[in-house]
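A.B. asks: Provide a 3D model corresponding to the input given below.
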Amino acid sequence: QVQLVESGGGLVQAGGSLRLSCAASSTTFVINMLGWYRQAPGKQREPVATFSRNGGTNYADSVVGRFTISRDSAKNTVYLQMNSLKPEDTAVYYCNAEYYYKETPQFRSPAWGRGTQVTVSS
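C.D. replies: Got it, this is the predicted structure:
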């Protein structure tokens with residue numbers, strides 16, 4: 001229905017930076033880009049940086065001051081600027097969005113990207 005494509009992951013040394021991007025495409029639905037999650041090996045997926053309904057931003061305590069989320073709604077794109085990366089930031093990062101028909105905004109469905117690997121070496 002809606003495809004999300006993440007990019008920008010990779011291998012970086014501790015203290016380095018990466019910028020993740022996620023673009024959504026659809027000719028049918030209205031799309032809200034909601035944020036980023038991550039999943040480390042053996043752990044559950046957790047929110048990293050997300051947008052609230054009023055447009056505010058929420059960050060995991062572990063990334064406050066280091067990560068910044070932004071989005072371009074006209075392009076259905078969300079970004080995650082990650083600075084001062086630490087080995088514990090190593091995970092697969094997933095983009096999250098919701099989509100709906102313009103005529104029925106009360107019926108919304110989630111969409112997830114396939115993930116992009118971020119590896120931070122010590």
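A.B. asks: Okay, now the unreliable bits of the protein?
C.D. replies: Filtered on pLDDT under 70, the chain yields no residues whatsoever.
A.B. asks: contacting residues for the residue positioned nearest the centre of it?
C.D. replies: Nearest to the mean C-alpha position of the chain, counting by CA atoms, centre = their mean, stands Trp36 at 2.4 Å. Shown in contact with Trp36 (CB atoms under 8 Å, 6 or more residues apart in numbering): 20, 22, 47-50, 69, 78, 80, 93-96. All C-beta atoms are positioned from the backbone trio N, CA, C, and that covers glycine.
A.B. asks: That one belongs to a strand?
C.D. replies: Yes. With DSSP: H, G, I helix; E, B strand; the rest coil as the criterion, Trp36 is part of a strand.
A.B. asks: buried ones in stretch 100-107?
C.D. replies: Buried residues in stretch 100-107, counted by 16 or more other CB atoms under 10 Å: Tyr100.
A.B. asks: List the contacts of that stretch.
C.D. replies: Thr28, Phe29, Val30, Arg108, Ser109.
A.B. asks: Pick out the most distant pair among those.
C.D. replies: The span of those, defined through CB to CB, is set by Thr28 and Arg108 at 13.8 Å.
A.B. asks: So for those two, which sits in the more crowded spot?
C.D. replies: Between Thr28 and Arg108, counted using other CB atoms under 10 Å, Arg108 has the larger neighbour count: 15 against 10.
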